[in-house]
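Undergrad: sequence and predicted structure, then a few things I'm wondering about:
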Amino acid sequence: DAGVIQSPRHEVTEMGQEVTLRCKPISGHDYLFWYRQTMMRGLELLIYFNNNVPIDDSGMPEDRFSAKMPNASFSTLKIQPSEPRDSAVYFCASSPRRTESSYNEQFFGPGTRLTVL
Amino acid sequence: GQQVMQIPQYQHVQEGEDFTTYCNSSTTLSNIQWYKQRPGGHPVFLIQLVKSGEVKKQKRLTFQFGEAKKNSSLHITATQTTDVGTYFCAGRSTRRGSARQLTFGSGTQLTVLP
């Protein structure tokens, strides 16, 4: 299994531009999470999906952020317009359906390092 | 909302010394997980603790869950340079509807000096 795949790995953009981050979860996982990591705020949950349906988006900082999951194998996180304070590493993680033998752990992708100038 | 605090924020140790990081939650947890993130990498799951007072070991790593299920610790015996990284605890609330959400602590960044 290739694990969680994220693209791009690095993104440098200018303030005001639209940014789209992409994620492919591990096949068969029912849950998908988007996190943001910064030195100041640590690892923050932005939103998570269950079976492609957004369950909790209370962590999304503001209306400039939106996330979609059109199918079980793909999700996007969009920032429009981007601002310098959005600079961070964005992680996508997936988690399997709960089973007796599962720890329900989250499998993280390699992250996208976003720099907004 | 739920808060998970972790101390210390940074820890430098000489190779061979022991290391401990502590995690405290503002609310009772259903379970707690621990993750390790190597420099430049992504968090990787280490273990989950579920029961009150539970203790689990992985080689030189010992994980404990408090009796009240509000605190946890990770202890590393005789650190090695391969232990370098940031260790996060992540708590899962007992609140209904939050079964899948983890609240991550701020992490403890461990540096091991050779």
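TA: That came through fine. Residues are numbered from 1 along each chain as shown, chains lettered A, B, ... in the order given.

Undergrad: just the element for the spatially most central residue of chain B, please.
TA: For chain B, B:Cys89 is the residue whose C-alpha lies nearest the centre (Cα atoms, centre = their mean; 3.5 Å). Assigning secondary structure by DSSP states H and E places B:Cys89 in strand B:85-93.

Undergrad: in the chain, where is pLDDT below threshold?
TA: Picking chain A for this. Filtered on pLDDT under 70, chain A yields the residue ranges A:1, A:98-103.

Undergrad: nope, chain B please
TA: Along chain B, segments meeting pLDDT under 70 span B:1, B:96-100.

Undergrad: who in it is up against chain A?
TA: By Cβ under 8 Å from any Cβ of the partner chain, the residues of chain B that approach chain A are B:33, B:41-45, B:47-48, B:88, B:98-107. From N, CA and C alone the C-beta is placed, and that goes for glycine too.

Undergrad: just the buried members of those residues?
TA: By neighbour count, with 16 or more other Cβ atoms under 10 Å in any protein chain shown, the residues of chain B next to chain A hold B:33, B:42-43, B:45, B:47-48, B:88, B:98, B:100-107 as buried.

Undergrad: need the max-distance pair from these.
TA: B:His42 and B:Ser98 (23.1 Å; Cβ to Cβ).

Undergrad: got phi/psi on the closest residue to A:Lys24 other than its chain neighbours?
TA: Once flanking residues are discounted, A:Lys24 sits nearest to A:Ile5: 4.2 Å by Cβ to Cβ, 6 or more residues apart in numbering or on different chains. Dihedral pair for A:Ile5: phi -110, psi 130, per degrees, to the nearest 10.

Undergrad: return the residues of chain A in contact with chain B.
TA: Chain A has residues A:31, A:42-45, A:48, A:50, A:55-56, A:91, A:93, A:95, A:98, A:103-111 near chain B, with proximity defined as Cβ under 8 Å from any Cβ.

Undergrad: same thing but at 7 Å, please
TA: Selection of chain A residues close to chain B by Cβ under 7 Å from any Cβ of the partner chain yields A:31, A:42-43, A:45, A:48, A:50, A:56, A:91, A:95, A:103, A:105-106, A:108-111.
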